[in-house]
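S.K.: Pasting the sequence and the predicted coordinates here, then a few questions.
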Amino acid sequence: MEIMKKMGCMKPKKLPVKVTDEKRSRKVGLVVTSLIDLKKKSHDVFKVPADSHNLDSLFVVLEDGTEVSHDAYLFSLVNNTLLIIYHKKPAVPINSSSLQQTMERYLSALHDLQKFNSEEVVKFIEDNKDDKLKLTWQYVTTLTSTKSHFSSISDHPEWFTGCNKLVTTKEEYFRKCAQGRIRSYLRDARNRLSHNKLSLSPIEKLKSCLEEKKYFACYFDRKDRSQDRLCDSKGEFHCQGQYNKPICQNNHWINPYDNAESRILFSTWNLDHVIERVKILTALCSQIRCNNGCDHLKYFDLLFSRKNLKLVHKNCHVIGPHIECQIV
């Protein structure tokens with residue numbers, strides 16, 4: 001009797017999980033007390049086709065396709081495990097290891113990371129990066145590029161998935177991308193001078209020069225006629241190779257105008273400073289300390305222009321000192 005009383009006072013188990021439907025339309029956090037409770041709440045949230053009085057037809061699986069068929073297994077999962085709800089058991093096993101299914105999930109994760117910044121995307125692919133990038137590229141090259149020549153959101157709406165809603169053309173999107181990278185270099189320079197309590201007058205001069213150049217929006221815009229443009233008229237970019245190599249020895253290339261997946265991958269490409277920014281900013285600070293001024297045009301070229309920038313694939317971006325490259 002005492003045991004029964006204790007059991008009667010026990011609180012039901014609760015497990016926080018993340019749930020999505022078979023279309024991966026969105027993710028919702030739920031706290032569930034049983035598999036039936038999970039199915040009921042998922043049915044209510046996602047409106048999955050099923051009889052609300054008989055939810056047995058709903059099929060719950062992990063990302064790798066493992067079926068969750070009873071409470072014991074459900075509560076063996078770690079908190080916030082992602083579960084996928086199907087309205088019925090798929091005719092084709094969903095634990096298929098096909099490249100397409102794997103890469104669709106992977107690119108979906110990359111897409112989510114865009115809400116943060118390109119550094120988050122790069123961080124995501126760091127583990128086994130060579131294999132991941134190779135597989136990703138293999139998958140992306142199988143996707144359609146028939147709409148690559150289209151520019152506006154009305155002609156190629158799926159390309160703009162996840163983009164700022166104010167952007168209406170591909171070229172506008174890439175102009176803003178290029179400007180964003182250049183602005184970040186200016187911001188780093190400003191922060192460095194401020195940290196060292198130095199005059200910000202050189203920063204204002206650099207800013208003025210950048211405004212004249214429109215912050216090099218031309219770099220990624222396939223319709224821009226500037227010689228500084230880094231792609232051809234179709235939007236195809238070719239890696240310019242490691243900082244100490246004249247060309248890319250792996251023939252890396254990409255056309256982010258093709259599809260959304262290519263656009264996402266392009267965010268992992270780098271504008272690499274041949275002479276590293278840390279050397280440039282150190283020299284800038286030293287010159288300001290010595291004579292209270294600087295040759296701002298020299299530092300403009302070093303920080304922002306193609307005289308010291310190379311567009312490189314992630315695997316051609318050398319992290320670390322470029323020892324043989326010095327400011328003269």
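M.R.: Looks like it came in fine.

S.K.: residues touching Glu276, list them.
M.R.: Contact analysis of Glu276 by Cβ atoms under 8 Å, 6 or more residues apart in numbering lists 321-322, 325. C-beta coordinates here come from the backbone N, C-alpha and C atoms, glycine included.

S.K.: residue ranges with poor pLDDT in the stretch 101-250 of the chain?
M.R.: Applying pLDDT under 70 to the stretch 101-250 of the chain flags the ranges 101-144.

S.K.: Let's see that with 80 instead.
M.R.: Low-confidence segments of the stretch 101-250 of the chain (pLDDT under 80): 101-146, 162.

S.K.: what's the burial count for the nearest residue to Lys13 once chain neighbours are set aside?
M.R.: Once flanking residues are discounted, Lys13 sits nearest to Phe75: 5.6 Å by Cβ to Cβ, 6 or more residues apart in numbering. Residues lying near Phe75 (other Cβ atoms under 10 Å) number 14.

S.K.: Most neighbours among the contacts of Glu276, which one is it?
M.R.: Of all those, the highest neighbour tally under other Cβ under 10 Å goes to His322, namely 16 neighbours.

S.K.: show me what contacts that one?
M.R.: Applying Cβ under 8 Å, 6+ apart to His322 gives the contacts 243-244, 274-276.

S.K.: same thing but 10 Å
M.R.: Residues near His322 by Cβ atoms under 10 Å, 6 or more residues apart in numbering: 242-244, 272-276, 279.

S.K.: are any of these buried, and which?
M.R.: 242-243, 272-273, 275-276, 279 (16 or more other Cβ atoms under 10 Å).

S.K.: how about those residues, which pair is most distant?
M.R.: Spatial extent of the buried ones among the contacts of His322 (Cβ to Cβ) is set by the pair Gln242 and Lys279 at 17.1 Å.

S.K.: Show me which helix runs longest in this protein.
M.R.: helix 170-195 (DSSP state H).

S.K.: For the helix or strand just after that one, name the packing helices and strands.
M.R.: With elements assigned by DSSP states H and E, the helix or strand that comes after helix 170-195 is helix 201-212. Here helix 201-212 touches helix 170-195, helix 277-291, helix 296-304, going by 3 or more Cβ pairs under 10 Å, 6 or more residues apart in numbering; DSSP states H and E.

S.K.: list the helices and strands the helix or strand that the last one is followed by packs on?
M.R.: Using DSSP H and E, the helix or strand that follows helix 296-304 in sequence is strand 309-312. Packing contacts for strand 309-312, counted by 3+ Cβ pairs under 10 Å, 6+ apart, involve helix 170-195, strand 270-273, helix 296-304.

S.K.: how about the strands in the protein?
M.R.: With DSSP state E as the criterion, the chain has strands at 15-21, 27-32, 59-61, 81-86, 237-238, 253-254, 270-273, 309-312.

S.K.: Distance from the chain centre to the last one, please.
M.R.: Taking the mean C-alpha point of strand 309-312 and that of its whole chain, the gap between them comes to 19 Å (Cα atoms, centre = their mean, to the nearest Å).

S.K.: just the fourth one next, same as before
M.R.: The chain centroid and the centroid of strand 81-86 are separated by 23 Å, computed with Cα atoms, centre = their mean.

S.K.: Give the buried residues for that strand.
M.R.: For strand 81-86, burial by neighbour count (16+ other Cβ under 10 Å) applies to 81, 83-86.

S.K.: Same list as before, those residues that is, but in JSON lines and with distance to Leu15 included.
M.R.: JSON lines is the format used below for these (distance: Cβ to Cβ, whole Å):
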{"residue": "Thr81", "distance to Leu15": "8"}
{"residue": "Leu83", "distance to Leu15": "10"}
{"residue": "Ile84", "distance to Leu15": "16"}
{"residue": "Ile85", "distance to Leu15": "15"}
{"residue": "Tyr86", "distance to Leu15": "20"}
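
S.K.: Name the nearest of these relative to Asp21.
M.R.: Ile85 (5.5 Å).

S.K.: Just list whatever residues bridge to that closest one.
M.R.: Note on Ile85: beta-bridge partners by DSSP bridges are Asp21, Val60.

S.K.: From Lys310, how far out is it?
M.R.: Going from Ile85 to Lys310 by Cβ to Cβ, to the nearest Å gives 47 Å.

S.K.: Show me which of the buried ones among the contacts of His322 is closest to Lys207.
M.R.: His273 (18.7 Å).
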